[in-house]
Structure formats: structure tokens, C-alpha cells
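Asker: Fold the following and give me the result.
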Amino acid sequence: MTDAILVQRARRGDAAAFEALVRRHYRAAYAVALSLLGNAMDAEDVCHDAFLKGLQRLEELRSPERFAGWLLQITRNAAKNFRAGRRVRAAAPLDTVSVPGDDDTARTTEVGELRGRLEEALETLSEVQRAVVLLHDMDDWRHREIAESLDISEGMSRQHLMVARRLLRERLGTEVLEEYSHD
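Answerer: From the prediction side, this is the model:
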């Protein structure tokens, strides 16, 4: 079912249709929020707020077939507003705190360290570079879709991805990137 059909149904009060839109576009919205905020918990909060705002403003959407780009713009604005007003968090996010258990603690530690290195490296990229690399490599978006959602050309999307990958390789090494990216 297309986004346009789901939007029409959601406008008529079909909660399942809006749920389908959320499931379809949550990862992309999260990637955009994370690229702007650099913190997983803040990105989740912003995503939830963006989807609520999108639901409240669904009638304002002029082109239902462009729901994804419209929602990502709401997410970008919400993330920028959040970033402008947030306070520095003193506590570590829960997803980085390890809990003793039966699992392989060495592997858990390694993954946590790798995640930390990746997050630090992503922070060194520009906002648009982070958004492009996260949308392309983590969410499998095509350059056309990225270009539309970020309001850039496909060529610029490709350029940002190439530069971002080069910078990440310099900071992380090739072996780390190969675990996270694919063409």
C-alpha cells in the first residue's frame, strides 16, 4: 500500500494506517534525528514527538505521496529545536550500561567500544554527511530518496556519502566500516 493511500486512510481516522506509516518510516526518522543529535535516547524522543506532530498536522500535507520527505522535515526541525534547548546529560545512556549475565561479556564490551568509536566518528561529520551515511548505509535508502528528503541533488547525496565514508575510514579503519556499510 502506498504512502498516499495510508495518509488518506489516516486522515479518515484509521489508526492502523498511521501505524503502518510509523513502522515504514521510523528508522529513517530516527537516522535523521540521530544524525543531528548524536544521542540515541534524544533521537528516540524527537522521533516520537515528530510522529505525533505529523499526526496532528496530517491535514496540512499537500502531497500525500511525499509523506516521507514531509515527515523527515518535521523530524529535522524537531531535532534542531531540541538541540537548541537541551541541557547536557550527566548520566550514561542505558543502552551503554552493561548488565552482568550469561552472555559473552568480552563481546558485549567490544560491541560497546565499537559503538562508542562509531558514534564519536559520526560526530566529526557534518549534519548532512551523517544523515546521508545513516540513511544510505543503515536504512538502505537510494540516493534519489535521500536527495528528496534532504532537499539536495542525487549527485550531492553521492558526494556526501563518498566524503563521509572516506572520513570514517580515516577515523575508524576499513574493517569497522565493512561491518556497517554495504552498497
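Asker: Show the contacting residues for the residue nearest the centre of the chain.
Answerer: The structure's the chain has its C-alpha centroid closest to Ala31; by C-alpha atoms, centre = their mean the separation is 0.6 Å. Contacts of Ala31 were listed using C-beta atoms under 8 Å, 6 or more residues apart in numbering, and they are 131, 134-135, 138-139. C-betas here are computed from N, CA, C, even on glycine.
Asker: Just the buried residues of these.
Answerer: Neighbour-count burial (16 or more other C-beta atoms under 10 Å) applied to these gives 131, 134-135, 138-139.
Asker: Redo those residues as TSV? Include secondary structure.
Answerer: Formatted as TSV, the buried ones among the contacts of Ala31 follow (DSSP: H, G, I helix; E, B strand; the rest coil):
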residue	secondary structure
Ala131	helix
Leu134	helix
Leu135	helix
Met138	helix
Asp139	coil
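Asker: Can you lay out those residues as JSON lines showing pLDDT and distance to Ala10?
Answerer: Formatted as JSON lines, those follow (pLDDT from 0 to 100; distance: C-beta to C-beta, whole Å):
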{"residue": "Ala131", "pLDDT": "85", "distance to Ala10": "26"}
{"residue": "Leu134", "pLDDT": "85", "distance to Ala10": "26"}
{"residue": "Leu135", "pLDDT": "84", "distance to Ala10": "23"}
{"residue": "Met138", "pLDDT": "75", "distance to Ala10": "26"}
{"residue": "Asp139", "pLDDT": "74", "distance to Ala10": "22"}
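Asker: Return the distance of the biggest helix by length in the chain from the chain's centre.
Answerer: When every helix of the chain is counted residue by residue (DSSP state H), the longest turns out to be helix 15-37. The chain centre lies 8 Å from the centre of helix 15-37; the measure is C-alpha atoms, centre = their mean, to the nearest Å.
Asker: Check stretch 136-155 too.
Answerer: In this view, stretch 136-155 has its centroid 12 Å away from the chain centroid, taken as C-alpha atoms, centre = their mean.
Asker: cool, and stretch 43-56?
Answerer: Distance, stretch centre to chain centre, for stretch 43-56: 13 Å (C-alpha atoms, centre = their mean).
Asker: same thing with stretch 76-87?
Answerer: Counting by C-alpha atoms, centre = their mean, stretch 76-87 comes out at 15 Å from the chain centroid.
Asker: Helices of the protein, start to end?
Answerer: Using DSSP H, the helices of the chain run over residues 3-11, 15-37, 40-56, 67-85, 105-123, 127-133, 143-150, 154-172, 174-180.
Asker: buried stuff in the third one?
Answerer: What that stands for is helix 40-56. Of the residues in helix 40-56, 40, 42-43, 45-51, 54 count as buried by neighbour count, 16+ other C-beta under 10 Å.
Asker: That'll do, ta.
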